[in-house]
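*Asks:* Fold the following.
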Amino acid sequence: MPMSSPSSWTRAESAPARPAAPSGPAPGTHLKARHLVMMALGSAIGTGLFIGTGAAIRTAGPAVLLSFLVACVLLVLVMRALGEMAAADPSPGAFSTYAEKAMGRTVGRTLGWLWWAQIVVVVAAEATAAAQLLTELWPVAEQWVLALLFMVVFTAVNLVKVRTLGETEFWFALMKVLAVLAFLGVGLAVLLGLTDVPSPGLGNLTAHGGFLPNGLTGVAAALLVVIFAFGGTELVTIAAAETEDPQHNVARAVRTILVRILVFYVGAVTVMVLVLPWDDEQLSVSPFVAVLERAGVPGADVVMAVIIILALLSALNANVYGSSRMLYSLARRGSAPRAFADVSARGVPRTAVLVSVAFGFGAVVLNYLWPETVLLWMLNTVGATCLVVWGLALVSQIVLRRRADRDGTELPLRMWAFPWLSWLALAILAGILLLGLLDDAVRGQLLLTAALVLLIALASKLLGRRAEHAGRN
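*Replies:* Alright, predicted model coming up:
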């Protein structure tokens, strides 16, 4: 059976959006498969791995491995569902575009603007955190000056051309990957007794209160920490639209990313809970440094500080790219000002880039006036956005896959055991949401995110009605 065009299987059943009439050429296929993989890894392997794992271990003890396994199962299913849609219909709006075609313009616009809001806040947070760490390590300038410098540099990188951006992110992410691999090597050497430190064997899995020192509730609470650490992997579906042979590269990238994240996250956490007791105070504060110092690695704190700074800057670079492409896509679909869809001769949506980094520059001022206070509040507001993005992406995949099967459309990449595994992923997300509502520390974050979603949805609905009315006149 011949393959139908992507637009035929993902066609919207509501009225199409008004075209944005952009100027300049459309973004081209400037990214290679290796760029695609490393951009997604660059966004996912950040402070969630290098710092957040310590909080998860303290919450669940050695049983944090169960939390990571559940989160990894969810991640595998979500990424496969996103990969199915991205391979069939590469779009810079990715899950926002698919939600619009599956459930209508209001849902698509809401999801696009919600994800964009999350990412621009995260960009500001990454610039601020990197500046703070660098100031502590090497106090050559005020924190706000370094944050401003980082924003200027990575804005410039994103404005030059897409291939330069891809290469920059490739090398940034590669350094993080090599750092994690080196950490795994050191941890393995300790466990095998190849260092001067006696091997703890498997004793730390059952000592200090047992494998489940805080019970299943601890595993559930740690799951909330872990799932937020995985946010950002969906960037691969946004970048897919600018790769060569997207159908082949998306399938390859999804498989590669999943394997590497499983190895890096689960491998690193396994090393941590085996090498040190789960209730070690330093493990909860800086887990990588704790293990390296246990192994006798000199200057471990300085080495990890440099790696974490690189991780933050890598994620900053990838997220400026992702946020600008989402804004470009919204403009193309008539859900943002038309100027945001303008593209330079080198295929860069420069206006979208500048608008996306504007909050980051504003955060430099906020960081100078009220260090961390305003930014922390905003991070809490967008903290649970990944649950909304993943949930609506799964619903979109179910709707669009049924539409494709009904039309007899062949797909380059297919979700396994459809629809059962798609529904399983939604059930896991629903369970995580319920656990979050029962957790005092997370409930407020979920409610703030829900309020933001409702506010964006209301604005999208009202603006959509105004646009339709203007179109009829």
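
*Asks:* When you work out contacts or count neighbours from here on, use the C-alpha atoms and nothing else.
*Replies:* OK.

*Asks:* Summarise which helices and strands the host helix or strand of residue 402 is packed against.
*Replies:* Per DSSP states H and E, residue 402 falls inside helix 385-407. Packed against helix 385-407 by the contact rule (3 or more Cα pairs under 8 Å, 6 or more residues apart in numbering; DSSP states H and E) you find helix 6-9, helix 64-88, helix 95-103, helix 105-137, helix 420-438.

*Asks:* From the chain's centroid, how far away is stretch 430-442?
*Replies:* Mean-position distance between stretch 430-442 and its chain equals 20 Å (Cα atoms, centre = their mean, to the nearest Å).

*Asks:* Can you show me the helices along the stretch 201-350 of the chain?
*Replies:* Here the stretch 201-350 of the chain has its helices, by DSSP state H, counting those that start in this stretch, at 215-229, 235-239, 246-261, 267-275, 281-285, 287-294, 300-332, 350-369.

*Asks:* Just the CA trace of the fourth one, in CSV.
*Replies:* Yep, that's helix 267-275 we're talking about. C-alpha atoms of helix 267-275 as CSV (Å, rounded to 0.1, in the frame of the first residue of the first chain):
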residue,chain,number,x,y,z
GLY,A,267,23.4,3.3,35.7
ALA,A,268,24.5,6.4,37.6
VAL,A,269,21.9,5.9,40.3
THR,A,270,22.8,2.3,40.7
VAL,A,271,26.4,3.2,41.3
MET,A,272,25.4,5.8,43.8
VAL,A,273,23.2,3.5,46.0
LEU,A,274,25.8,0.7,45.8
VAL,A,275,28.9,2.8,46.6
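
*Asks:* about what we covered before: which among the helices of the stretch 201-350 of the chain is found nearest to residue 434?
*Replies:* Of all the helices of the stretch 201-350 of the chain, it is helix 215-229 that lies closest to residue 434, at 10.3 Å by Cα to Cα.

*Asks:* Could you pull up the mean pLDDT of that closest one?
*Replies:* Mean pLDDT, computed over helix 215-229, is 82.

*Asks:* Confidence-wise, which helix or strand of the chain is lowest on average?
*Replies:* Ranking every helix and strand in the chain by mean pLDDT, DSSP states H and E puts helix 6-9 at the bottom, with a mean of 46.

*Asks:* circling back: mean neighbour count, the helices and strands packed on helix 385-407: which tops it?
*Replies:* Among the helices and strands packed on helix 385-407, the stretch with the highest mean neighbour count (mean count of other Cα atoms under 10 Å) is helix 95-103, at a mean of 27.

*Asks:* Tell me the helices and strands packed up against that helix.
*Replies:* Judged by 3+ Cα pairs under 8 Å, 6+ apart, helix 95-103 is in contact with helix 105-137, helix 385-407.

*Asks:* pLDDT (mean, whole number) over it?
*Replies:* Per-residue pLDDT over helix 95-103 has a mean of 93.

*Asks:* Same question for stretch 82-91.
*Replies:* The model assigns stretch 82-91 a mean pLDDT of 88.

*Asks:* Residue 79 versus residue 90, what's the distance?
*Replies:* As for residue 90, its distance to residue 79 is 14 Å (criterion: Cα to Cα, to the nearest Å).

*Asks:* Tabulate the helices and strands packed on helix 95-103 (a markdown table), appending distance to residue 241.
*Replies:* Shown next, in a markdown table, are the helices and strands packed on helix 95-103 (distance: least, Cα to Cα, whole Å):
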| stretch | distance to residue 241 |
| --- | --- |
| helix 105-137 | 16 |
| helix 385-407 | 17 |
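
*Asks:* Worst mean pLDDT among the ones you listed?
*Replies:* With a mean of 88, helix 105-137 has the lowest mean pLDDT of the helices and strands packed on helix 95-103.

*Asks:* Tell me how far it lies from the chain's centre.
*Replies:* 10 Å.

*Asks:* Could you name the helices and strands sitting against it?
*Replies:* helix 95-103, helix 143-160, helix 300-332, helix 350-369, helix 373-382, helix 385-407, helix 440-472.

*Asks:* let's see 7 Å
*Replies:* Contact here means 3 or more Cα pairs under 7 Å, 6 or more residues apart in numbering; DSSP states H and E; on that basis helix 105-137 packs against helix 95-103, helix 143-160, helix 300-332, helix 350-369, helix 373-382, helix 440-472.
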